[in-house]
Every structure is written in C-alpha cells, then in structure tokens.
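Visitor: one predicted model, sequence on top.
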Amino acid sequence: MLLLLVTLASSCWLVFPRHTVEVELVKDAVPPSFRVTGDERLKWIWVVGPAHTDIKTPLLWKIIPKDNHYPLVKELPVITYGVVPSGWIQETPSDGSPPPSLQEGNLYGISVVTSLNFNGRLGLVIEHGKAKVSKNNF
C-alpha cells in the first residue's frame, strides 16, 4: 500500500510540475538590475513603491512584451529598473517618461507575472545608495 502511494505521488509530480519563477538582484547600484529565472512565459514586470502601510503602494514602472508575445523567462536579459529591454514596451509611466528614481530608505517591490499567472517577487530597500534585498517581498 505504501509503495502504491509513493508511486502515485511521484506520478502526480511529473504530471503536475511545480511552476516557479524567481527574481534575483544582480546589481545593487541605484537603479538596480535583476534577473528573472524559471521555465515559464512572462506576461509583465512591474515595480511598486515606496511602500506605506496607510495607502495603496503606487505602481512606478510596468513593462510588457510587444505584440503579446510572451517570451520564455530564460530568454530574458538582465533587466535594469527604468531601461526597457529589446522586444518590450513600457506601459507605465504611460507617457514614456522614465519612472521615478528609487529613494533612500524606501521599500520597493519587483513583481513578475507569467502567462499561467504565477508570480515571482523581490523586495528591495535603498540603503546607503545601494539596493539591498528586503525580507518584505510585498
């Protein structure tokens, strides 16, 4: 009986794989650069902040793939906040202006959403002129 349960559980793992997408800080300068990893197709990337407990956190920057072509995460270059990668367009700010600068002492969140609606998140805080990973992932 135990062997049957183990076999069924491992079969379900193969049929229903775990979908993950992660965001990793790769350059701590301001503006920061980050890498997205995983095996999914990406729908959009956005940055919110600064975080406040009493108001909704504003959307600072959102980029989406051109022509609704959802690229594989592994095809993405390292992304720098405010720099739109080739094959992508900036949706926010909608007038095409650069997003606001990230300010000292504030908490920001980077979120990525895949075509299957899985999310990857990274919280950043700006300290001493550098971006640092925060335990708060929004």
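Guide: Cool, got the structure. Numbering: from 1, shown residues only.
Visitor: how distant is stretch 51-59 from the center of its chain?
Guide: In terms of CA atoms, centre = their mean, to the nearest Å, the centre of stretch 51-59 is found 18 Å from the chain centre.
Visitor: give me the number of residues near residue 20?
Guide: 14 (other CB atoms under 10 Å). For every residue, glycine as well, the C-beta is placed using N, CA and C.
Visitor: my read: it touches residue 118, true?
Guide: Yes - using CB atoms under 8 Å, residue 20 is in contact with residue 118, at 7.0 Å.
Visitor: residue 29 reaches residue 126, doesn't it?
Guide: No - using CB under 8 Å, residue 29 is not in contact with residue 126, being 10.6 Å away.
Visitor: between these two, which one's more packed in?
Guide: residue 126 (23 against 11).
Visitor: so where do the helices sit in this structure?
Guide: 2-15 (DSSP state H).
Visitor: where does it dip in pLDDT?
Guide: Low-confidence segments of the chain (pLDDT under 70): 1-19, 53-54, 136-138.
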